[in-house]
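1. Predicted model and sequence below, questions to follow.
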Amino acid sequence: MSTVWQPLGYSGSYEEGSLPHILWLMLQHLGHNHPPEYHFFSLERSSSLRAYMAELCIQGFWTHESPLYFQAYGWDAPSAMHEVAFQAIVYYRHHRPGMDGFFHYFPARTNQATANYYPGLEGNMREIDTPQLFLAGLVRAMDRYLANTMAELRRLQARVVMLDRRIEQLGHQGHFDNAIIYGNHELQPLTETLPPPVGVYQNINTRAHMRVGFHRNRRTMPDPALVGDPVLLGPFYAFERNGRQYHLTMATPSTTMPQPPIRFSQVP
């Protein structure tokens, strides 16, 4: 299996009422005028399981101010997008002054902590007697519940990877057919699962290839960004990383050029 995260796609917007929407409201409250940008990567962990990573770029106030980057993981691109937005929300709640007004009950996290804390609930643990405090208490409880759910999901994913590797070997010996080994990959393209403007990354230095399995050749998993053959309408932007060039082709027009991900450089 591949051990390298492959660039997948880009989104520069949000869905109404989502965590990326809440993050954008926080940033506007702080004076930002450029929406966050999300880059997506995928990693083939086993014959039927992919991991997804979202990288969030928040540009600075001024031209020469370095952008802030956040990374988070999910079971698909939208879940990784929501998780990385939540990471940025707890960061800004802790590190930026002026959040107490509109975001008093939002979660926060220190740099070394692994769990969130709620500044607005400190000292009110036994005095939840207003609608706002009840709602904040519910959000804190759901936050803890979600953390437990994500830990269980990671444990199950590790189990699936172990089983996939064993089943693949048995399948190549003729015990199972390809449908059992590789599963069904009825995946929607990013252009249908992420809010526009959306772009799709393509590596222009490599070609499609076959990989050698236990007793027979097998194809790599289909790229979810290209399933369904999305119609790419807008311009493309060229980025480079470790000697490889990638085209970010926009499926919908974008008014500004996307900020490149970490360790990517723009190709003139």
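-> The structure has been received and is ready for your questions.
2. does Arg165 really touch Arg45, like I thought?
-> No: judged on Cβ atoms under 8 Å, Arg165 makes no contact with Arg45 at a distance of 9.8 Å. The way it works is simple: take the backbone N, C-alpha and C, and place the C-beta from them, glycine included.
3. surely Ile180 meets Gly171?
-> Yes: taking contacts as Cβ under 8 Å, Ile180 lies within contact range of Gly171: 6.7 Å.
4. Tell me which of those two has more neighbours.
-> Just comparing Ile180 and Gly171: by other Cβ atoms under 10 Å the higher neighbour count belongs to Gly171, 23 against 14.
5. contacting residues for that one?
-> Gly171 makes contact with Asp177, Asn178, Ile180, Ile181 under the criterion Cβ atoms under 8 Å, 6 or more residues apart in numbering.
6. That one: which element?
-> According to DSSP states H and E, Gly171 maps onto helix 131-172.
7. So for Arg165 and Arg45, which residue has more residues nearby?
-> Neighbours per residue (other Cβ under 10 Å) separate Arg165 from Arg45, with Arg45 holding more: 19 against 13.
8. continuing past the one helix or strand the more buried one maps to, what's the next helix or strand?
-> Here Arg45 sits within strand 37-46, counting by DSSP H and E. Next helix or strand after strand 37-46 toward the C-terminus (DSSP H and E): strand 49-58.
9. and that following strand, what does it pack onto?
-> In terms of contacts (3 or more Cβ pairs under 8 Å, 6 or more residues apart in numbering; DSSP states H and E), strand 49-58 is packed against strand 37-46, strand 68-74, helix 77-95, helix 131-172.
10. Please report how far the nearest residue to Thr110 once chain neighbours are set aside lies from Ala108.
-> Using Cβ to Cβ, 6 or more residues apart in numbering and skipping the chain neighbours, the partner closest in space to Thr110 is His94 (6.2 Å). Applying Cβ to Cβ, to the nearest Å, the value for His94 to Ala108 is 4 Å.
11. same deal with Thr256?
-> From Thr256 across to Ala108, the span is 30 Å (Cβ to Cβ).
12. show me what contacts Val84?
-> When contacts are counted by Cβ under 8 Å, 6+ apart, Val84 touches Tyr38, Ala54, Glu55, Leu56, Phe70, Gln71, Ala72.
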